[in-house]
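1. After the sequence you'll find the predicted model.
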Amino acid sequence: MTRIDTPRGAYADHMMPERHSDSARLPNFVVAGILKGGTTSLNFSLKQHPQIYMCPLKEPRYFAYEADNPDHVQGRGLHFPIKTWEQYVALFAGADGQPVVGEVSPHYMISPIAPQGIHDRLPNVRLLFSLRQPVKRAYSVYWHQVRLGNENRPVEEALGEREYAVTHGLYAHWLRNWYALFAPEQIKVVLFDDWQNNPLGTYADICRFLAIDDAFVPNMTVRNKGGAMKNARLGRLYERLKKHPLRHALDPLVPQRVRSALVKTHDQNLQEPPPMPPALQQRLNAFYREDIAELEQMIQRDLSAWRS
């Protein structure tokens with residue numbers, strides 16, 4: 001598989017190393033992938049830990065922003081809320097002595113510039129990737145885009161082998177760039193299966209990776225549930241509100257009970273998507289087979305369950 005090189009042999013000017021105040025707290029932990037891999041629930045559980053300060057803005061995406069090509073990561077509709085180093089540093093001003101300071105931006109994993117940018121700015125950072133069986137993940141991404149109103153093609157067409165939803169599931173392909181820059185002990189890969197089968201054990205394992213108390217027990221409520229919408233119009237409205245640029249500024253003004261009611265209404269509007277067409281599943285299983293074999297060697301995990 002072709003190696004992904006950083007564009008033009010460098011990264012955007014806004015990521016060039018620059019001095020910052022010694023008192024500035026910068027992340028020493030980044031959840032870098034992957035979209036629809038359980039990162040929202042991971043962020044929710046991590047920010048409960050008293051020894052972790054999580055960025056109040058989920059998905060700042062700073063290291064994936066390329067000023068002269070802002071749509072290069074994900075295509076349509078991707079918002080980059082943080083575009084300067086000063087803005088990024090300011091996100092962590094609230095850190096108050098916690099030994100771990102982190103952020104979650106799942107698009108970093110598949111960004112051609114994020115690995116080098118993070119390495120230059122945060123060379124000692126610890127990186128966490130949460131991965132999901134790629135065929136199931138691609139199908140989940142498809143229905144997510146349908147909910148957003150961004151996708152109306154038949155699923156067989158939308159999940160073609162050149163589509164973002166499919167190519168982003170070539171995990172070994174993307175992780176090569178990270179392992180080329182960071183020491184193995186700085187990288188941890190967890191599987192969506194681990195979260196489903198042993199959530200507390202997986203959480204404790206991540207705490208040990210971060211060298212913090214592994215006895216803390218968080219609320220493990222699943223966040224950002226996937227599925228098809230019973231009421232498509234209501235679903236699109238909810239997703240637009242969630243992605244609105246002013247959402248994070250307005251959140252403090254909206255009572256928690258109102259926000260909880262909106263989430264509950266959304267979840268009640270979800271239903272299981274129809275089964276994946278067998279021919280599509282077979283095609284995608286074949287497409288990912290080689291990459292899964294490479295990933296097994298890379299992370300030293302048995303992924304035989306991912307092949308069917």
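-> All right, it came through fine.
2. Could you pull out the helices in the stretch 151-300 of the chain for me?
-> Secondary structure of the stretch 151-300 of the chain (DSSP state H, counting those that start in this stretch): helices at 155-158, 164-167, 171-181, 192-197, 199-209, 232-243, 247-250, 256-268, 278-299.
3. list the buried ones in stretch 105-122?
-> Within stretch 105-122, the residues scored as buried using 16 or more other C-beta atoms under 10 Å are 105-119, 121-122. All C-beta spots, glycine's among them, are computed from the backbone N, C-alpha and C.
4. quick one: which of those residues sit in strands?
-> In this view, the buried residues of stretch 105-122 have no member that belongs to strands under DSSP state E.
5. Can you check the pLDDT for the closest residue to Ile52 other than its chain neighbours?
-> Ranked by C-beta to C-beta, 6 or more residues apart in numbering and with sequence neighbours excluded, the top spatial neighbour of Ile52 is Val100, at 4.5 Å. Val100 is assigned a predicted lDDT (pLDDT) of 98.
6. Tell me which residues touch Val100, please.
-> 28-29, 49, 51-53, 210, 212 (C-beta atoms under 8 Å, 6 or more residues apart in numbering).
7. and if we set it to 10 Å?
-> When contacts are counted by C-beta atoms under 10 Å, 6 or more residues apart in numbering, Val100 is found next to 27-29, 46, 49, 51-54, 126, 207, 210-212.
8. can those go into a markdown table with extra columns for secondary structure and neighbour count?
-> Formatted as a markdown table, the contacts of Val100 follow (DSSP: H, G, I helix; E, B strand; the rest coil; neighbours: other C-beta atoms under 10 Å):
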| residue | secondary structure | neighbour count |
| --- | --- | --- |
| Pro27 | coil | 24 |
| Asn28 | coil | 14 |
| Phe29 | strand | 25 |
| Leu46 | helix | 23 |
| His49 | coil | 22 |
| Gln51 | coil | 14 |
| Ile52 | strand | 20 |
| Tyr53 | strand | 23 |
| Met54 | strand | 26 |
| Arg126 | strand | 21 |
| Cys207 | helix | 20 |
| Leu210 | coil | 21 |
| Ala211 | coil | 11 |
| Ile212 | coil | 17 |
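9. For the residue nearest to Ile52, give its distance to Ala180.
-> Distance, Val100 to Ala180, by C-beta to C-beta, to the nearest Å: 25 Å.
10. what does Arg137 give?
-> For Arg137, the distance to Ala180 equals 24 Å [C-beta to C-beta].
11. the more surrounded of the two?
-> For Arg137 versus Ala180, neighbours defined as other C-beta atoms under 10 Å are more numerous around Arg137 (24 against 11).
12. you'd agree that one is up against Phe192?
-> Yes - using C-beta atoms under 10 Å, Arg137 is in contact with Phe192, at 7.8 Å.
13. So for those two, which residues contact both of them?
-> Common contacts of Arg137 and Phe192 (C-beta under 10 Å, 6+ apart): 34, 36-38, 131.
14. Quick check, Tyr142 in contact with Met276.
-> Yes - with contacts counted by C-beta under 10 Å, Tyr142 reaches Met276, the gap being 9.3 Å.
15. any weak-confidence spans in the stretch 51-200 of the chain?
-> 70-77 (pLDDT under 70).
16. change it to 90
-> For the stretch 51-200 of the chain, the stretches with pLDDT under 90 are 58, 66-80, 144-150.
17. re earlier: just flag the most distant two among the shared contacts of Arg137 and Phe192.
-> Maximum pairwise distance among those (C-beta to C-beta): 10.4 Å, between Lys36 and Leu131.
18. what's the overlap in contacts for these two?
-> Between them, Lys36 and Leu131 share the contacting residues 137, 169, 192, judged by C-beta under 10 Å, 6+ apart.
19. and which of the residues you listed is nearest to Ala67?
-> With C-beta to C-beta as the yardstick, the closest approach to Ala67 among the shared contacts of Lys36 and Leu131 comes from Gly169, at 27.9 Å.
20. roughly how far apart are the closest one and Val141?
-> Per C-beta to C-beta, Gly169 is found 9 Å from Val141.
21. quick one, which of these two is more surrounded?
-> Gly169 (28 against 24).
22. so how many other residues sit close to Tyr142?
-> Neighbourhood size, Tyr142 [other C-beta under 10 Å]: 23.
23. my guess is it is in a helix, correct?
-> Yes - under DSSP: H, G, I helix; E, B strand; the rest coil, Tyr142 sits within a helix.
24. That one: what's it in contact with?
-> Per C-beta under 10 Å, 6+ apart, neighbours of Tyr142: 36, 151, 153, 155, 158-159, 163, 165-166, 226, 273, 276, 280.
25. if we go to 6 Å?
-> Applying C-beta atoms under 6 Å, 6 or more residues apart in numbering, we find Tyr142 in contact with 155, 158-159, 165.
26. Out of those, which comes closest to Ile82?
-> Nearest to Ile82 among the contacts of Tyr142, counting by C-beta to C-beta, is Ala165 at 24.8 Å.
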